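>>> here's my sequence, what's the structure:
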Amino acid sequence: MRIFCLFLLIFIWGCQSIPTTYKKSSFLTPSPQSRFKDLSVPENFVYLPSKSFIFEHGKTRVGILKYTGKSNPEALINFLKTHMQKQGWKLKNIIEGGTSFLSFEKEKEVCLINIDFIGRKILLTFSIFPQEEKKPLTQSHKSE
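Below you'll find the predicted structure:
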């Protein structure tokens, strides 16, 4: 009986140290090691260079930057909205669901952010590319 009680006590004590859910912290801090200064990535996300691509020439930059980490989905989306706007990006569109998408524009660039929730991990993908120049509409038919 003592062995059973001892085993039960150890089992209960050990289960208390196992987290039942991951942190629901709504406070994320930006990483100082982001590949581009104006793209905000939470510091607990790890850059995946083997799955990423970057091309820079002068002021033109094109890239697909992939990061992985853990976060509360709402906290991550709020982090991206807030910190991207602090870096001068304007939020254009957002789609939230099993996979979430955020679209930002800045000067002559577009940044699409794809958030894939894979189990307890998140795959965060930034796609950055030049914005297509907007041409003024011209009248194709002249009135008679």
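>>> ok, now which ones touch the nearest residue to F79 once chain neighbours are set aside?
Nearest in space to F79, with sequence neighbours left out and distances taken as Cβ to Cβ, 6 or more residues apart in numbering, is L28 at 4.3 Å. Yep, even glycine has a C-beta here, placed from its N, CA and C like the rest. L28 sits next to 42-44, 71, 75-76, 79 when contact means Cβ atoms under 8 Å, 6 or more residues apart in numbering.
>>> bridging residues for the nearest residue to V46 once chain neighbours are set aside?
Of all residues not flanking V46 in the chain, T68 sits nearest, at 5.6 Å (Cβ to Cβ, 6+ apart). Using DSSP bridges, the beta-bridge partners of T68 come out as V46, L123.
>>> ok now stretch 70-82, how far from the chain's centre?
Relative to the chain's own centre, stretch 70-82 is displaced by 7 Å; criterion: Cα atoms, centre = their mean, to the nearest Å.
>>> what mean pLDDT does that stretch get?
When pLDDT is averaged over stretch 70-82, the result is 92.
>>> who are the packing partners of the host helix or strand of I128?
Using DSSP states H and E, I128 sits in strand 121-130. If you count contacts as 3 or more Cβ pairs under 8 Å, 6 or more residues apart in numbering; DSSP states H and E, strand 121-130 packs onto strand 60-69, helix 73-86, strand 109-118.
>>> between those, which gets nearest to F126?
Closest to F126 of those, according to Cβ to Cβ: strand 60-69, at 4.3 Å.
>>> ok, now which ones touch S100?
73, 77, 94, 114-115, 117.
>>> got a list of what N44 touches?
Applying Cβ under 8 Å, 6+ apart, the residues near N44 are 28, 69-71.
>>> try it again with 7 Å
Neighbouring residues of N44 by Cβ atoms under 7 Å, 6 or more residues apart in numbering: 69-70.
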